[in-house]
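K.L.:
Structure for this input, please:
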Amino acid sequence: MSESRNGFRASAADERAREATLQRFVPEVRTALDNAPDVRAWPPSWHGDEWVDYFYHSSSLLTRDRDLPRVRDVLRDLGALRDGGGDALVGGVTRLDVNVRESQHTPDVVEDLDSRLGVGVATLDHAFVITGMLHCPATEPEPVITPAAAEDPAVVRGALWPGIGDPSAGRDVGVSVVDTGLLSGASAWAPWIEGVRPDTSADIEDPDQIKINAIEHEIVGFADPYAGHGTFISGVIRCVAPASLVMVERILGVSGFARESGLIQQIHDALAHLPDIISMSAGCYTRQNVPPSPSRPFGKSA
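P.N.:
Coordinates of the predicted model:
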């Protein structure tokens, strides 16, 4: 037994699982960052530390509209304000494009803003990620049945296909799934999601986008590690509530990242459909634990 990072006692099996996860951690985060060029991991030494505090977009900051003039003034004084007025988002938030000197990182600019204006007046445009800090491509899930049991077709069907539930469960309940999108034609092999639809054609997922620069040449044709996640979540909802009305809206891309400022708009768009429930399988840690903008009430300060 040994003590883990959070102070709990870990068994030998837990230690082996943690070691296996760490072996995947650095290459998987690097692959994700390679496919999201504007996203950075903090601290810069994350690959040596084998730990990430948070992810963020390096070229933008967020602030409330009421604080916009003074944030602009400080950024201009720091030489970090790009030309242009920034992008006004819904809920009284503006995204400002920033320039960062070579010797600095975007969190250094936010630290300067904190010292002059107060913590939280301007924040990083954090990157939400589909699984928290560790990515989980299809190599991670545990087998649902043993190899011996897998030789029996009846056992396989029972394990991999959901049972028939109450067909009226979820009637008149609308659910917006803000995720990776919906795989076209999935209901042909997963009939329980028949009727689940994308909001627009842009919300249909292409699961074969990832490009990896390996051994000095680009390898294409690898499925996005998060391919099908939105379809899977839709299926879980339909298994629990077969009569529910499910709409899928795409926000998470190839790397599994979603821009915080993009989520503000996406949640606003989802609310326009008046859903009873919004399902979003993404989250993030933030600099100094300042709440991300999508979690704050629209039009109000934190």
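
K.L.:
what sits against residue 280?
P.N.:
Going by CB atoms under 8 Å, 6 or more residues apart in numbering, residue 280 touches 177, 178, 179, 251, 263, 267. Every C-beta, even on glycine, is put in place using the N, C-alpha and C of the backbone.

K.L.:
Start and end of stretch 34-47, how far apart?
P.N.:
Taking CA to CA, to the nearest Å, stretch 34-47 runs 14 Å from one end to the other.

K.L.:
May I see the buried residues of it?
P.N.:
35, 36, 39, 40, 41, 42, 46 (16 or more other CB atoms under 10 Å).

K.L.:
same question, stretch 91-104
P.N.:
91, 92, 93, 94, 95, 96, 97, 98, 100.

K.L.:
give me the element residue 239 is part of.
P.N.:
For residue 239, the host element (DSSP states H and E) is helix 229-240.

K.L.:
on that earlier part again, any idea which of the buried residues of stretch 34-47 is closest to residue 107?
P.N.:
Checking the buried residues of stretch 34-47 against residue 107 with CB to CB, the nearest one is residue 42 at 6.0 Å.

K.L.:
Name the nearest residue to the closest one, sequence neighbours excluded.
P.N.:
Leaving aside its sequence neighbours, residue 42 sits nearest to residue 53 (CB to CB, 6 or more residues apart in numbering; 5.0 Å).

K.L.:
which among the contacts of residue 280 gets closest to residue 229?
P.N.:
Out of the contacts of residue 280, the member with the shortest distance to residue 229 (by CB to CB) is residue 179, at 5.7 Å.

K.L.:
is it true that that closest one touches residue 279?
P.N.:
Yes. At 7.3 Å, residue 179 and residue 279 qualify as touching, with contact defined as CB atoms under 8 Å.

K.L.:
Would you give the sheet partners of whichever helix or strand comes after the helix holding residue 239, along with the direction of each?
P.N.:
With elements assigned by DSSP H and E, the helix or strand that comes after helix 229-240 is strand 245-250. Taking DSSP bridges as the criterion, strand 245-250 forms sheet pairs with strand 174-179 (parallel), strand 197-198 (parallel).

K.L.:
Out of those, which gets nearest to residue 287?
P.N.:
strand 174-179 (23.3 Å).

K.L.:
still on that earlier bit, between the buried residues of stretch 91-104, which sits nearest residue 243?
P.N.:
Of all these, residue 243 sits closest to residue 91, with 32.4 Å by CB to CB.

K.L.:
Name the SS class of that closest one, please.
P.N.:
coil (DSSP: H, G, I helix; E, B strand; the rest coil).
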